[in-house]
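Engineer: give me a 3D structure for the following:
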Amino acid sequence: MAASVYVETSVISYYAARPSRDIITAARQTITQEWWNGTRARYEIYISVLVVEEAKAGDAAAAQRRSDALGGLPILEMNDAAESVAGHLIDGGLIPESSVEDALHIALATVHGMDFLLTWNFRHINNAEAKARIGAAIEKLGYECPIICSPEELGGIES
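Structural biologist: Numbering: from 1, shown residues only. The predicted structure is shown next:
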């Protein structure tokens with residue numbers, strides 16, 4: 001059975017965005033497109049209702065490209081357990097109150113038993129210091145934390 005991957009909205013945004021002139025953004029776009037068009041076939045990909053809603057925001061044409069990319073992917077539903085885990089992450093100061101969505105992405109991937117959480121969000125999710133604290137907090141709640149990583153980090157070695 002293939003490993004499961006929860007794809008957070010930043011990945012879809014990089015995948016569906018118009019090419020950037022910023023070198024770092026352009027590199028992330030290329031990495032994401034290569035991962036999405038090739039490597040992702042090795043995994044079971046999941047999104048959530050939160051990803052669907054976030055993808056609809058902003059410029060209408062960009063939102064349409066994001067929504068098109070999400071078409072047909074299984075959607076993880078919000079539930080009380082996810083809301084509880086997200087609340088613990090915020091109450092514990094691991095995710096700022098202003099970034100509830102980030103806590104919910106982590107919580108959804110956790111309570112649905114995802115193997116990986118794929119994100120380009122280095123501020124609150126894929127941050128070396130934050131990941132260790134988040135993992136410890138999630139384990140303390142009795143869950144296994146998914147491996148948090150970027151498309152660049154996931155799938156570089158063929159099995």
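Engineer: residue 82: neighbour count?
Structural biologist: By other C-beta atoms under 10 Å, the residues close to residue 82 number 23. No exception for glycine: its C-beta is placed from N, CA and C like everyone else's.
Engineer: cool, residue 61 as well?
Structural biologist: Other residues within reach of residue 61, judged by other C-beta under 10 Å, total 10.
Engineer: show me what contacts it?
Structural biologist: By C-beta atoms under 8 Å, 6 or more residues apart in numbering, the contact set of residue 61 is empty.
Engineer: export whatever helix or strand it lives in to CSV, keeping only CA atoms.
Structural biologist: Assigned by DSSP states H and E, residue 61 falls within helix 60-70. Only the C-alpha atoms of helix 60-70 are listed here, as CSV (Å, rounded to 0.1, in the frame of the first residue of the first chain):
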residue,chain,number,x,y,z
ALA,A,60,-10.7,34.0,-10.0
ALA,A,61,-8.5,32.6,-12.7
ALA,A,62,-5.9,31.4,-10.2
ALA,A,63,-8.6,29.9,-8.0
GLN,A,64,-10.0,28.0,-11.0
ARG,A,65,-6.5,26.6,-11.7
ARG,A,66,-6.2,25.5,-8.1
SER,A,67,-9.6,24.0,-8.0
ASP,A,68,-9.0,22.1,-11.3
ALA,A,69,-5.8,20.6,-9.8
LEU,A,70,-7.7,19.4,-6.8
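Engineer: so which bits of it are buried?
Structural biologist: 65, 66, 69, 70 (16 or more other C-beta atoms under 10 Å).
Engineer: give me the number of residues near the closest residue to the first one other than its chain neighbours?
Structural biologist: This means residue 65. Distances taken as C-beta to C-beta, 6 or more residues apart in numbering place residue 16 nearest to residue 65, at 3.8 Å, with adjacent residues excluded. Neighbour count of residue 16, defined by other C-beta under 10 Å: 22.
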